[in-house]
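A.B. asks: Everything below, folded, please.
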Amino acid sequence: MLLPIFGFFVACVLLTVAGTVLLWLLPAFRFTFASIAVFVVSALFGCALIANITARFLIQPGGDADNAVAFYLQLAIVLMSSIGGGLSGVWLFQRNVSRIRRQKGLPPPEDWKG
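C.D. replies: Prediction:
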């Protein structure tokens with residue numbers, strides 16, 4: 001019962017580290033606590049969605065999950081989709097925040113390029 005909870009917390013920590021590094025290195029995204037939180041939440045949703053979809057195609061109906069190639073292929077797909085989902089979530093978040101600030105007549109922050 002504790003294994004899924006432990007996996008969730010490990011995934012949150014790993015995605016937080018990945019989000020921090022990516023948001024720090026990519027100049028198109030603003031590095032804030034809210035951006036990191038949006039990255040982690042959207043990456044978890046993207047990871048869960050793609051993991052369920054790929055598991056249906058890569059694991060045989062008989063339950064043969066011992067295939068190492070299928071496991072590593074699914075792991076690579078899930079990692080790429082979680083990073084893509086996280087960056088997409090941050091992009092949408094920053095786009096909506098800048099649109100709301102523009103509607104209120106507030107200038108965007110200087111380091112925000114969106």
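A.B. asks: Closest to the centroid, which residue in this protein?
C.D. replies: In the chain, the C-alpha nearest the mean C-alpha coordinate belongs to A43, at 1.9 Å (C-alpha atoms, centre = their mean).
A.B. asks: helix/strand/coil for it?
C.D. replies: Here A43 takes the helix state, with states given by DSSP: H, G, I helix; E, B strand; the rest coil.
A.B. asks: In contact with it, which residues are there?
C.D. replies: Contacts for A43 (C-beta atoms under 8 Å, 6 or more residues apart in numbering) come out as L15, A18, G19, S82, I83, G85, G86, G89. From N, CA and C alone the C-beta is placed, and that goes for glycine too.
A.B. asks: Ok, Y72 next?
C.D. replies: Y72 sits next to no residue when contact means C-beta under 8 Å, 6+ apart.
A.B. asks: and the lengthiest helix in the chain, average pLDDT?
C.D. replies: Secondary structure assigned by DSSP state H gives helix 68-103 as the longest helix of the chain. The average pLDDT within helix 68-103 is 86.
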